[in-house]
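A.B. asks: Can you look at this prediction? I've put the sequence above it.
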Amino acid sequence: MDLLRPVIRPYPWGTRTAIAELQGRPVPAPGSEAELWMGAHPSAPSALHRPSLTPAPPTTSVTLDAVIAGDPERELGAECAARFGGRLPFLLKLLSAEKALSIQVHPSRAQAEAGYAAENARGLAADDPARNYMDDWPKPELLYALTPFEVAAGLRTPADASALLRALDMDELEPLAAALADAVGEDALGSALASVLDWPEPRPLVASVVAACQRLAASDSSFAAACAAAVRVAADHPGDVGVVALLLMRHEVLQPGQAVFMPAGGLHAYLHGTGIELLANSDNVVRSGLTSKHIDVPELLRLLDPSVAVPVLSPRSLAVGLATFDTPAPEFRLYLLDVAASLALPGPGPAILLCLDGACTLRAASGQELHLARGDSCFIPFADGPLHATGSARLVQATPGTPPTHP
């Protein structure tokens, strides 16, 4: 077991409070702190301290990806190492959004492998801002809300999208509303999204939509909350046609304790809040708006699956003090742990734990102990076996997902 030194990602949409508060640093932080990465992604691997193999110095700072590469069977276990090519299959984050993130989709494994190979063949450097594919992995993800968390997740039904567009009462959008009202399948949503994202002169459209959203936001319309969100996003992204695209998406406010699962092909944007994000060990994002980063509308539309559901989940209780979220992702599973006195941790590892509140001591079968306090995170290798936690603490634990079963 090793304490981790996570990496802070200072994206401009982040807050200056949540990560600093969790880590016990002065608030506000000097600049935006959007994500805290705990894992072994090569672009920002967490550091840890392991005894040195040489007489001096007594300890050496190494990164988690290097430790795993040095002995994948010990760190991951033979089954996990074989299933994921010797790579830790998940990445755990604390994410805190003051402003909206980009509208985006993530690829499936086959799409990621093909896209990564194609961009490499084109000679795009690893740090080229025009890249869509930073690696060859899929990026399903789960967002677990620690505060009320506002998201646009998945596309509305055609009838619902048509009703919202007609509530805006804009002549420019009536053809789209009519096409959606007459639609018999989900493909019409993809066509409507393409029409919005390819709008020839978007700024006048966005201005008119924002004015109409202000009117609806002040009414008792069932679309008031979604329209209010669009108005807020427009203030941070003036003239961005992504504001209009948001209205084709389902608007949700997760309550603390709820989660949303984002499968491949599911359109989404995180709008505001703080939560735990657990995802496959990838940084592949294809964007279509609400960002200064690379936008690739044709590629996003190619990856988009309008029929993909983006479900809001509640945790399933496994035992006293232990719950989990059920998803089909083979790369990860998230557990919620409430340690009141003593609690057995699920699974032998590999695992990453983050202490959200309180403090506890982890004990391995070997007798090794590790103390975790609020804001601490640690990596548990497979070789350390089943663990127990004692104390009073609230934690999240990330592990690989369940291996597929074969008849």
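C.D. replies: That came in fine, so what should we check first?
A.B. asks: What segments of the stretch 1-150 of the chain are strands?
C.D. replies: Assigned by DSSP state E, counting those that start in this stretch, the strands in the stretch 1-150 of the chain fall at 2-5, 7-9, 35-38, 47-51, 59-63, 90-97, 103-105, 141-145, 149-155.
A.B. asks: how about the ones you listed in JSON lines, adding mean neighbour count, mean pLDDT and distance to Cys360?
C.D. replies: For every residue, glycine as well, the C-beta is placed using N, CA and C. Below are those laid out as JSON lines (neighbours: other CB atoms under 10 Å; pLDDT from 0 to 100; distance: least, CB to CB, whole Å):
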{"stretch": "strand 2-5", "mean neighbour count": "18", "mean pLDDT": "96", "distance to Cys360": "13"}
{"stretch": "strand 7-9", "mean neighbour count": "18", "mean pLDDT": "97", "distance to Cys360": "24"}
{"stretch": "strand 35-38", "mean neighbour count": "24", "mean pLDDT": "98", "distance to Cys360": "17"}
{"stretch": "strand 47-51", "mean neighbour count": "14", "mean pLDDT": "73", "distance to Cys360": "19"}
{"stretch": "strand 59-63", "mean neighbour count": "13", "mean pLDDT": "75", "distance to Cys360": "24"}
{"stretch": "strand 90-97", "mean neighbour count": "26", "mean pLDDT": "98", "distance to Cys360": "17"}
{"stretch": "strand 103-105", "mean neighbour count": "26", "mean pLDDT": "97", "distance to Cys360": "36"}
{"stretch": "strand 141-145", "mean neighbour count": "23", "mean pLDDT": "98", "distance to Cys360": "19"}
{"stretch": "strand 149-155", "mean neighbour count": "26", "mean pLDDT": "96", "distance to Cys360": "26"}
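A.B. asks: Adding distance to Gly190 as columns, could you present the ones you listed in CSV?
C.D. replies: Below are the strands of the stretch 1-150 of the chain laid out as CSV (distance: least, CB to CB, whole Å):
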stretch, distance to Gly190
strand 2-5, 41
strand 7-9, 31
strand 35-38, 29
strand 47-51, 43
strand 59-63, 41
strand 90-97, 26
strand 103-105, 11
strand 141-145, 21
strand 149-155, 8
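A.B. asks: Among those, which comes closest to Gly257?
C.D. replies: Closest approach to Gly257 among the strands of the stretch 1-150 of the chain (CB to CB): strand 141-145, 6.9 Å.
A.B. asks: Convert the C-alpha atoms of that closest one to PDB, please.
C.D. replies: Taking Å, rounded to 0.1, in the frame of the first residue of the first chain, the C-alpha atoms of strand 141-145 are listed here in PDB:
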ATOM      1  CA  GLU A 141     -17.200   7.100 -17.200                       C
ATOM      2  CA  LEU A 142     -19.200   7.400 -14.000                       C
ATOM      3  CA  LEU A 143     -19.800  10.700 -12.300                       C
ATOM      4  CA  TYR A 144     -20.800  10.500  -8.600                       C
ATOM      5  CA  ALA A 145     -22.200  13.800  -7.200                       C
END
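A.B. asks: Quick check: which helices or strands does it pack against?
C.D. replies: strand 259-262, strand 268-280, strand 333-339 (3 or more CB pairs under 8 Å, 6 or more residues apart in numbering; DSSP states H and E).
A.B. asks: Output those strands as TSV; include the columns mean neighbour count and mean pLDDT.
C.D. replies: As requested, those are exported to TSV (neighbours: other CB atoms under 10 Å; pLDDT from 0 to 100):
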stretch	mean neighbour count	mean pLDDT
strand 259-262	24	96
strand 268-280	24	98
strand 333-339	22	98
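A.B. asks: Would you tell me which of those gets closest to Ser222?
C.D. replies: Per CB to CB, nearest to Ser222 of the helices and strands packed on strand 141-145: strand 268-280, 18.4 Å.
A.B. asks: Now do that closest one against strand 90-97, angle only.
C.D. replies: Relative orientation of strand 268-280 versus strand 90-97 (axes from the mean of the first three to the mean of the last three CA atoms, to 10 degrees): 150 degrees.
A.B. asks: what's in contact with the helix or strand just after strand 268-280?
C.D. replies: Per DSSP states H and E, the first helix or strand lying C-terminal to strand 268-280 is strand 286-289. The contact list for strand 286-289 (CB atoms under 8 Å, 6 or more residues apart in numbering) reads 102-107, 132, 197, 237, 240-243, 245, 293-297, 299-301, 303.
A.B. asks: If anything else comes up later, I'll come back, but that's it for now.
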